[in-house]
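Engineer: just to be clear, the model below is a prediction. Sequence and coordinates:
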Amino acid sequence: MAEGAPATPDPALLALRHKIDAVDRELLDLVNKRAALAQEVGELKKKEGSVVFRPEREAQVIDGLKAHNPGPLRGESVAPIWREIMSACRSLETPTRVAYLGPAGTFSEQAALGFFGTSIVQVPCTSIDEVFRTTTAGAADFGVVPVENSTEGVVARSLDLFLTTPLFIIGETSLFVRHNLLRRENSLEDIQAVCAHPQALAQCHGWLSTHLPHAERRPVSSNAEGARLAALDKRLAAVASERAGSEYGLHIVAPAIQDDAHNRTRFAIVTHPDRHPAPKASGHDCTSLVVSVTNKPGAVHDMLVPLKAHGVSMSRFESRPARSGQWEYYFYIDLQGHPEQPNMAQALRELRAVCAYFKLLGTYPLDVH
Ligand SMILES: O=C(O)C(=O)C[C@]1(C(=O)O)C=C[C@@H](O)C=C1
């Protein structure tokens with residue numbers, strides 16, 4: 001028995017626990033009632049031949065509950081609880097297979113479980129390219145890929161693959177990324193190399209330069225792969241999540257070593273347009289596109305004119321070299337709204353007319369917390 005615990009439990013505590021047990025049973029009955037309704041929805045969808053996962057509906061369910069939450073449950077507790085309930089309900093309609101950059105313990109895995117809930121079939125992949133290939137080939141229904149980090153900027157490989165694959169975006173999610181130095185020994189002595197994904201090494205550049213200036217920085221395919229290697233060799237350390245540390249039995253030698261305390265990574269959820277329709281408007285949506293314009297004065301200005309004319313806000317504007325050798329660029333643009341809104345539809349039509357290249361990458365509900 002823990003020190004300080006009374007020999008006989010406090011009757012007031014017992015009474016409260018009885019009440020909690022009774023509420024839990026009621027909750028279980030209600031969640032089962034909800035699950036049975038979701039099963040009925042599943043039957044209906046099977047008859048109609050329509051898809052099970054509806055990101056816009058899930059976003060509306062969560063938005064609605066948050067707006068009606070009387071408390072004391074905190075607002076930010078609502079989304080994770082209902083995501084998990086909807087994940088369990090969805091799995092009764094059909095399995096959801098989700099590809100992401102594995103192995104176990106990566107931030108991509110955490111993003112996949114956070115977005116879809118844990119009642120999914122996990123399809124860990126060895127690279128971002130493999131996530132795109134697996135989802136394109138239909139071995140996974142959805143892929144989760146990192147697109148941007150608040151410290152390091154864009155994840156170039158994901159952006160390049162949006163251009164060359166048929167996949168489109170149906171959702172987004174973002175995570176606070178806390179990196180830890182992990183190792184078999186609980187010490188900073190005699191570390192020969194630090195293994196991690198190049199993005200993670202870059203996000204911890206300052207800390208590594210100060211505390212381990214002589215250790216080699218060894219880029220590997222994922223942070224969890226770095227943790228796996230560190231578990232095999234005591235001269236190696238890894239930069240990875242706490243989850244990866246417990247997965248591979250490593251000590252957290254130094255916690256939260258990322259240079260920016262607010263380090264966040266944003267992920268896109270992708271799927272194949274032949275297997276999934278674009279989400280309908282949820283009320284809080286984002287539309288992503290990639291465009292290019294001819295290399296002449298005023299071309300970028302002309303591109304922005306239709307957005308201003310129709311009152312469409314832009315939340316992101318990124319450029320990537322087009323690799324034509326002509327100083328030409330692709331522009332990755334996020335717009336606030338959905339093409340079902342007439343002003344957005346008109347702005348997109350006019351924008352398309354002034355672009356040399358135009359590809360709609362997707363339209364999807366904004367991340368709800
Ligand atoms: O409303 C639906 O279309 C359902 O299938 C039910 C439900 C839910 O559990 O609320 C489950 C899966 C969908 O992604 C959206 C919502």
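Structural biologist: Arrived safely, thanks for sending.

Engineer: name whatever forms a beta bridge with Val239.
Structural biologist: Beta bridges link Val239 to Leu181, judged by DSSP bridges.

Engineer: quick check: it vs Asp10, distance?
Structural biologist: As judged by CB to CB, to the nearest Å, Val239 and Asp10 stand 46 Å apart. Where you see a C-beta, it was placed from the backbone N, CA and C, and this is true even at glycine.

Engineer: the two: which has the busier surroundings?
Structural biologist: Between Val239 and Asp10, counted using other CB atoms under 10 Å, the more crowded position is Val239 (27 against 9).

Engineer: output stretch 352-368 as PDB, nothing but the C-alphas.
Structural biologist: Only the C-alpha atoms of stretch 352-368 are listed here, as PDB (Å, rounded to 0.1, in the frame of the first residue of the first chain):
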ATOM      1  CA  ARG A 352      -7.100  29.500 -63.100                       C
ATOM      2  CA  ALA A 353      -7.400  31.800 -66.200                       C
ATOM      3  CA  VAL A 354      -4.200  33.800 -65.300                       C
ATOM      4  CA  CYS A 355      -2.100  30.800 -64.400                       C
ATOM      5  CA  ALA A 356       0.200  28.800 -66.600                       C
ATOM      6  CA  TYR A 357      -0.300  25.800 -64.300                       C
ATOM      7  CA  PHE A 358      -3.200  25.200 -61.800                       C
ATOM      8  CA  LYS A 359      -3.900  22.200 -59.700                       C
ATOM      9  CA  LEU A 360      -6.400  22.000 -56.900                       C
ATOM     10  CA  LEU A 361      -4.700  20.000 -54.100                       C
ATOM     11  CA  GLY A 362      -7.800  19.700 -52.000                       C
ATOM     12  CA  THR A 363     -10.500  21.300 -49.900                       C
ATOM     13  CA  TYR A 364     -11.100  20.200 -46.400                       C
ATOM     14  CA  PRO A 365     -12.200  21.200 -42.900                       C
ATOM     15  CA  LEU A 366      -9.700  23.200 -40.800                       C
ATOM     16  CA  ASP A 367      -8.100  21.300 -37.900                       C
ATOM     17  CA  VAL A 368     -10.500  21.400 -34.800                       C
END
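
Engineer: now the stretch 1-150 of the chain against the ligand: closest residue?
Structural biologist: Distance from the ligand to each residue of the stretch 1-150 of the chain (CB to the nearest ligand atom) is smallest for Cys89, at 3.5 Å.

Engineer: contacting residues around that residue?
Structural biologist: For Cys89, the contact set (CB atoms under 8 Å, 6 or more residues apart in numbering) comprises 34-35, 38.

Engineer: where is the longest helix in the protein?
Structural biologist: Secondary structure of the chain read by DSSP state H shows that its longest helix is helix 11-48.

Engineer: by contact count, what packs against that helix?
Structural biologist: helix 75-93 (3 or more CB pairs under 8 Å, 6 or more residues apart in numbering; DSSP states H and E).

Engineer: intersect the contacts of Cys89 with the contacts of the ligand.
Structural biologist: Ala38 (CB under 6 Å from any ligand atom).

Engineer: can you tell me which of the contacts of Cys89 are buried?
Structural biologist: 35, 38 (16 or more other CB atoms under 10 Å).

Engineer: the contacts of Cys89 into TSV, with extra columns for pLDDT?
Structural biologist: Formatted as TSV, the contacts of Cys89 follow (pLDDT from 0 to 100):
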residue	pLDDT
Arg34	98
Ala35	98
Ala38	97
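
Engineer: surely Ala254 touches Leu188?
Structural biologist: Yes: using CB atoms under 8 Å, Ala254 is in contact with Leu188, at 7.3 Å.

Engineer: so in the chain, where's the weakest helix or strand by average pLDDT?
Structural biologist: Sorting the helices and strands of the chain by mean pLDDT, DSSP states H and E puts strand 153-154 at the bottom, at a mean of 88.

Engineer: give the pairing partners of it; include direction for each.
Structural biologist: When pairing is defined by DSSP bridges, strand 153-154 lines up against strand 142-149 (antiparallel).

Engineer: quick one, strands of the stretch 251-369 of the chain?
Structural biologist: For the stretch 251-369 of the chain, strands defined by DSSP state E, counting those that start in this stretch occupy the ranges 251-254, 264-271, 285-292, 314-321, 329-336, 357-365.

Engineer: for the stretch 51-200 of the chain, same thing?
Structural biologist: 97-101, 121-125, 142-149, 153-154, 168-176, 180-183, 193-196.

Engineer: how near is the closest residue to Thr294 other than its chain neighbours to Ala156?
Structural biologist: Of all residues not flanking Thr294 in the chain, Ala356 sits nearest, at 5.1 Å (CB to CB, 6 or more residues apart in numbering). According to CB to CB, Ala356 stands 21 Å off from Ala156.

Engineer: for the strands of the stretch 51-200 of the chain, give me TSV that also has mean neighbour count and distance to the ligand.
Structural biologist: As requested, the strands of the stretch 51-200 of the chain are exported to TSV (neighbours: other CB atoms under 10 Å; distance: least, CB to the nearest ligand atom, whole Å):
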stretch	mean neighbour count	distance to the ligand
strand 97-101	26	13
strand 121-125	19	15
strand 142-149	26	12
strand 153-154	14	29
strand 168-176	20	11
strand 180-183	27	34
strand 193-196	25	34
